[in-house]
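Asker: Build me a model from this:
(one chain, ligands or ions: 2)
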Amino acid sequence: MEEEDDCPELVPIANIQQSGQSGDKIPVTIITGYLGAGKTTLLNYILTEQHNKRIAVIVNEFGEGSAVEKSLSISQSGELYEEWLELRNGCLCCSVKDKGLKAIENLMQKKGKFDYILLETSGLADPGAVASMFWVDAELGSDIYLDGIVSVVDAKYTLQHLAEEKPEGLINEAARQVALADVIIVNKTDLVSQQELEDVRIAVRSINGIVKMLETQRSRVDLTEILDLHAFDSTFGGSLQDKLIPVASHPHLDKSIVTVTFEIDGNVNEEKLNLFIQDLLWEKNIKDSSGNTMEVIRLKGLVSVKDKAHQVIVQGVHELYDLEETPVSWQEDSQRLNRMVFIGRHLDKDILRELFLATVNV
Ligand SMILES: Nc1nc2c(ncn2[C@@H]2O[C@H](COP(=O)(O)OP(=O)(O)OP(=O)(O)O)[C@@H](O)[C@H]2O)c(=O)[nH]1
Ligand SMILES: [Zn+2]
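Answerer: Ligands and ions are numbered 1, 2, ... in the order given. Sure thing, here's the model as predicted:
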């Protein structure tokens, strides 16, 4: 698709509000989804909707395999490639090709602050790689933070994309994008029957048991459903409790991605929790009953660390993970507990749960 080249229609918004305190961090939402699913349609919609935000839209060409030929000549010197379109409502559109998000920070310095950044990744990109980049940088004191990952899926073709076989048993991009999403937009519902739509819901839900699912035509969503999710920070630590509803497991093919959740009463030992996560994500020495290495793409948890008054959130994307204390404290009269969510392949709930009980729980 060449949609990226089209400048969204300009709709003046009368009451543009300038960003709040200048010291505030700026949220970034990653918009991912398979080729042609409706990402650009979504961005164009957001840019023309009434939202009182100064939004910068960035069409991302970070990472491998997403090189768009048209930009190659411009960026040959290895320099940052940038092309800005300034919209009359104060929104900005740009295309960035660079290794890191320093590029975005530089652009902000040049163009002033925005209230929000939307980043469209190429249809074949691994959103995890992009997410990790923001995350690492956040610890270095960036003024940008990752708010969430939104994946657009094509109601008509997603089942086909999800079933695609990759060489050497690699996870296909479509499945990875569903696994990592905080919100899934099932788009193009006009092209499918009720039955087909139901099959898509089931397929998505069986991969990612905790994702919020929206259904759209022409990517028209309620913006409050996809922006300001705080999916990666502790601000809404309390609400994670509601999100981590254990999901009924579905029968699965060996290769498919599943969501595993469990809840265990009591406290954890922080050091042992770190070791458990590192064995899983880094050492990769935890296996299922058939001897397959458990592969975690996304990890979330709400844990009760011994001697800590506040709830602690666990966040993981691929090999990166983080424990963060939330502002929410455990109530004196309520039971302390640990809720864990793992999304990935070859995950065996009983083995994970037993291991957690035996090594982490105190
Ligand atoms: N029938 C139908 N077509 C849609 C809908 N949403 C988007 N389209 C069309 O689908 C095509 C692809 O949409 P894009 O928004 O460019 O998709 P994309 O994900 O940005 O595509 P790439 O950037 O190529 O990966 C366009 O021709 C859209 O007009 C929808 O809800 N129904
Ligand atoms: Zn696009």
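Asker: OK, contacts around residue 116?
Answerer: Residue 116 makes contact with 26, 27, 28, 29, 53, 54, 55, 56, 227, according to C-beta atoms under 8 Å, 6 or more residues apart in numbering. No exception for glycine: its C-beta is placed from N, CA and C like everyone else's.
Asker: okay, those in CSV with neighbour count next?
Answerer: Written out in CSV, the entries for the contacts of residue 116 read as follows (neighbours: other C-beta atoms under 10 Å):
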residue, neighbour count
26, 20
27, 22
28, 24
29, 23
53, 22
54, 22
55, 23
56, 25
227, 21
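Asker: This protein: strands as residue ranges?
Answerer: For the chain, the strands defined by DSSP state E occupy 26-33, 55-60, 81-86, 92-97, 116-120, 144-154, 183-187, 212-215, 257-265, 295-303, 310-317, 320-329, 337-345.
Asker: Can you list the low-confidence ranges for this protein?
Answerer: For the chain, the stretches flagged by pLDDT under 70 are 1-23, 60-108, 110-113, 136-141, 234-255.
Asker: circling back to that earlier point, ligand 1: which of the contacts of residue 116 is nearest?
Answerer: Proximity of the contacts of residue 116 to ligand 1 (C-beta to the nearest ligand atom) peaks at residue 29, which lies at 15.0 Å.
Asker: For the closest one, which residues are in contact?
Answerer: Neighbours of residue 29 in contact, by C-beta under 8 Å, 6+ apart: 116, 117, 118, 119, 147, 148, 149, 150, 226, 227, 229.
Asker: Residue 34 now?
Answerer: For residue 34, counting by C-beta under 8 Å, 6+ apart, the contacting residues are 123, 153, 154, 157, 158, 161, 173, 174, 177.
Asker: For residue 117, grab the count of nearby residues.
Answerer: Residue 117 is flanked by 24 other residues according to other C-beta atoms under 10 Å.
Asker: Hmm, residue 59 and it touching each other?
Answerer: No - if you go by C-beta atoms under 8 Å, residue 117 and residue 59 don't touch, sitting 11.8 Å apart.
Asker: from the contacts of residue 34, which would you call buried?
Answerer: Neighbour-count burial (16 or more other C-beta atoms under 10 Å) applied to the contacts of residue 34 gives 123, 153, 154, 157, 158, 161, 173, 174, 177.
Asker: how many other residues sit next to the residue of the stretch 251-362 of the chain at minimum distance from ligand 2?
Answerer: Nearest to ligand 2 in the stretch 251-362 of the chain, going by C-beta to the ion, is residue 317, at a distance of 22.8 Å. Taking other C-beta under 10 Å as the criterion, the count of residues near residue 317 is 25.
Asker: any idea how far it is from residue 202?
Answerer: 25 Å (C-beta to C-beta, to the nearest Å).
Asker: want to try a markdown table for the strands of the chain, with distance to residue 48 as columns?
Answerer: Putting the strands of the chain into a markdown table (distance: least, C-beta to C-beta, whole Å) gives the following:
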| stretch | distance to residue 48 |
| --- | --- |
| strand 26-33 | 16 |
| strand 55-60 | 11 |
| strand 81-86 | 13 |
| strand 92-97 | 12 |
| strand 116-120 | 13 |
| strand 144-154 | 17 |
| strand 183-187 | 17 |
| strand 212-215 | 19 |
| strand 257-265 | 35 |
| strand 295-303 | 32 |
| strand 310-317 | 31 |
| strand 320-329 | 35 |
| strand 337-345 | 33 |
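Asker: and of those, who's closest to residue 278?
Answerer: Nearest to residue 278, of all those, is strand 320-329, at 8.3 Å by C-beta to C-beta.
Asker: thinking again about what came up before, out of the contacts of residue 34, who's nearest ligand 1?
Answerer: The shortest separation between ligand 1 and any of the contacts of residue 34 is 3.5 Å, and it belongs to residue 123 (by C-beta to the nearest ligand atom).
Asker: related to what we said a few turns ago, got TSV for the contacts of residue 34, with distance to ligand 2 too?
Answerer: As requested, the contacts of residue 34 are arranged in TSV below (distance: C-beta to the ion, whole Å):
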residue	distance to ligand 2
123	7
153	14
154	12
157	15
158	16
161	16
173	15
174	15
177	14
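Asker: what sits against residue 185?
Answerer: Contacts for residue 185 were tallied using C-beta under 8 Å, 6+ apart; they are 33, 38, 42, 150-153, 214-216, 219, 221, 226.
Asker: Repeat the analysis, applying 7 Å as the threshold.
Answerer: Residues in contact with residue 185 (C-beta atoms under 7 Å, 6 or more residues apart in numbering) are 42, 150, 152, 214, 216, 219, 221.
Asker: again, but for residue 176
Answerer: By C-beta under 7 Å, 6+ apart, the contact set of residue 176 is 126, 128, 297.
Asker: So residue 208 versus residue 135, what's the distance?
Answerer: From residue 208 to residue 135 the distance is 19 Å (C-beta to C-beta).
Asker: ok, those two, which is more surrounded?
Answerer: The neighbour comparison of residue 208 against residue 135 (other C-beta under 10 Å) goes to residue 208, with 26 against 18.
Asker: Hmm, residue 178 and the more buried one touching each other?
Answerer: Yes - in this structure, residue 208 sits in contact with residue 178. The criterion is C-beta atoms under 7 Å, and the distance is 5.4 Å.
Asker: ok, how many other residues are close to residue 324?
Answerer: For residue 324, the number of neighbouring residues by other C-beta under 10 Å comes to 14.
Asker: Number the chain from 705, please
Answerer: Shifting the count to begin at 705 puts that one at residue 1028.
Asker: doesn't residue 1017 make contact with it?
Answerer: Yes - counting by C-beta under 7 Å, residue 1028 touches residue 1017, with 5.0 Å between them.
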